[in-house]
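Asks: heads up, no residue letters with this:
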């Protein structure tokens, strides 16, 4: 089993910053992509916020470019999201998601966390 636990959400004023962290644990042999998604209030679809490959190549949604930075620590199986200049429209539940193998030769599968609430409001 693979478990992901997110932390770091909370209430912040517009223009403020938050840092989200996600730690993967359990029977993990290898992790490929790691990423953050979010689901805003009243919206059914999740939005891909940022992702990072095992080699460190990052990609961002246009709405967060220049404000958010994703990073990962392959030795600790963690992925962080530094969020700066937060806006009310960034309010959402943020989820961590990874693509991982549980043993050598097994297929990569996606695993997700329970999410952490980020609220940007004055």
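Replies: Arrived safely. Keep in mind it's a predicted model, so treat the numbers as computed, not measured.
Asks: Quick check: bridge partners of the most centrally placed residue in the chain?
Replies: Nearest to the geometric centre of the chain sits residue 36, at 2.5 Å (Cα atoms, centre = their mean). With DSSP bridges as the criterion, residue 36 is bridged to residue 50, residue 96.
Asks: I'd like the distance between it and residue 27.
Replies: 23 Å (Cβ to Cβ, to the nearest Å). Using the backbone N, CA and C atoms, a C-beta is placed for each residue, glycine as well.
Asks: Tell me the spacing between the residue of the chain positioned farthest from its centre and residue 25.
Replies: Distance from the C-alpha centroid of the chain peaks at residue 105, with 25.8 Å (Cα atoms, centre = their mean). Separation of residue 105 from residue 25 (Cβ to Cβ): 21 Å.
Asks: before we move on, back to that, so how far is residue 2 from the residue farthest from the centre of the chain?
Replies: From residue 105 over to residue 2 the distance is 17 Å, taken as Cβ to Cβ.
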